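Novice: predicted coordinates and the sequence they were generated for:
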Amino acid sequence: MRSADGGVLATFTDNARTAVLTGPSRTFTEPKYTSAKVTSDSWVRLLPEKWKEGAEKAPWFTDWFRRNLGSKEPDIFAFGMEYLDGAPQKKDARGIPYAGDAQFGPLNPNGSAAGDLRLEQSDFYDYLGIPYTFRDGTVERPEPQRFRSIDCSGFVRTVFGYRARYPLLGKDVKGDGLPRTANGMARLSPGVPVLELNGKRPEAIDRLQPGDLVFFKIDRRTGDRLDHVGIYLGLDTDGKPRFLSSREEANGPTFGDKGGTARLDGNGFYAAGLRSATRL
């Protein structure tokens, strides 16, 4: 969608709910883990319905667009930044901490000799410390030792699901919602494939847009399973494609470089492990 002078106001994708609106410029920094800065005028929001041809004339869209174009209400990026190292705690009316500095997971009792310093499988309800009932009636209960912890897929589910209200599934199944793990999201999620999954690194990544989910194969122990997921932020001020994810080395969400540069180009650990991307 363009303005009268040709400037891009928003970008929509057939069959996706993710929309990128042009708004006030913001700069994201994380000096503890990187000198990189991401300055962006992209505001990533979820449409109430999947985009399709003709939606621009629908009442639901015109109301949504009028409310959101130029709005400074928190978007996907704002939500994500609220879990980085040092982020202040925020509580809802019930006293539940819905935002603030998040850990990746509890320490592995077997230590780094087991291959992982911290345990995975911390989801959004572990971070919140409350039971959660999914739409199929399944109830998941938090583990006390995982309080205020979210692994990589748990972080994505926190940002897109619990905060932005994208539907969530209780496990890795195909359906109208976001599955539990990185592998489930890559193979079973609704949305639009942006970088096709073919078992190797994509040859080009220029189809990515801010807010896309990017998937990685970085653990040799997991066979063909994809084992990491992040949110594409766009280009940093050095022109390098950067992503945000919850990582063991930084002990929580980061777009920094501790334990591997958080970039999708070059020959770094994560760049080499990139396998696919989806636009929800």
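Specialist: Noted; the coordinates are in hand.

Novice: just the CA atoms of the helix or strand harbouring residue 154, as PDB, please.
Specialist: For residue 154, the host element (DSSP states H and E) is helix 152-156. Provided in PDB are the C-alpha atoms of helix 152-156 (Å, rounded to 0.1, in the frame of the first residue of the first chain):
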ATOM      1  CA  CYS A 152      13.800 -20.100  21.700                       C
ATOM      2  CA  SER A 153      10.400 -21.400  20.600                       C
ATOM      3  CA  GLY A 154       8.900 -20.400  24.000                       C
ATOM      4  CA  PHE A 155      10.100 -16.800  23.300                       C
ATOM      5  CA  VAL A 156       8.400 -16.800  19.900                       C
END
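
Novice: show me which strand runs longest in this structure.
Specialist: strand 18-29 (DSSP state E).

Novice: what's that one packed up against?
Specialist: strand 10-11, strand 37-46, helix 76-81 (3 or more C-beta pairs under 8 Å, 6 or more residues apart in numbering; DSSP states H and E). Just so you know, the C-beta spots here come from the backbone N, C-alpha and C atoms, and that holds for glycine as well.

Novice: alpha carbons only: can I get that strand in CSV?
Specialist: The C-alpha coordinates for strand 18-29 follow below in CSV (Å, rounded to 0.1, in the frame of the first residue of the first chain):
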residue,chain,number,x,y,z
THR,A,18,1.8,-10.5,9.5
ALA,A,19,1.8,-6.9,8.2
VAL,A,20,4.7,-4.4,8.1
LEU,A,21,3.7,-0.8,8.5
THR,A,22,5.9,2.2,8.0
GLY,A,23,6.0,4.3,11.1
PRO,A,24,8.3,6.4,13.3
SER,A,25,12.0,5.3,13.2
ARG,A,26,13.3,3.4,16.2
THR,A,27,16.8,2.3,17.2
PHE,A,28,17.3,-1.0,19.1
THR,A,29,20.5,-1.5,21.1
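
Novice: what is the mean pLDDT for that strand?
Specialist: Averaged across strand 18-29, pLDDT comes to 98.

Novice: can you tell me the strand partners of that strand and which way each runs?
Specialist: For strand 18-29, the paired strands and their directions (DSSP bridges) read strand 10-11 (antiparallel), strand 37-46 (antiparallel).

Novice: just put those in TSV and tack on mean pLDDT and mean neighbour count.
Specialist: Output for these, formatted as TSV (pLDDT from 0 to 100; neighbours: other C-beta atoms under 10 Å):
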stretch	mean pLDDT	mean neighbour count
strand 10-11	98	16
strand 37-46	98	20
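
Novice: just put these in TSV and tack on distance to residue 162.
Specialist: Formatted as TSV, the strands paired with strand 18-29 follow (distance: least, C-beta to C-beta, whole Å):
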stretch	distance to residue 162
strand 10-11	25
strand 37-46	13
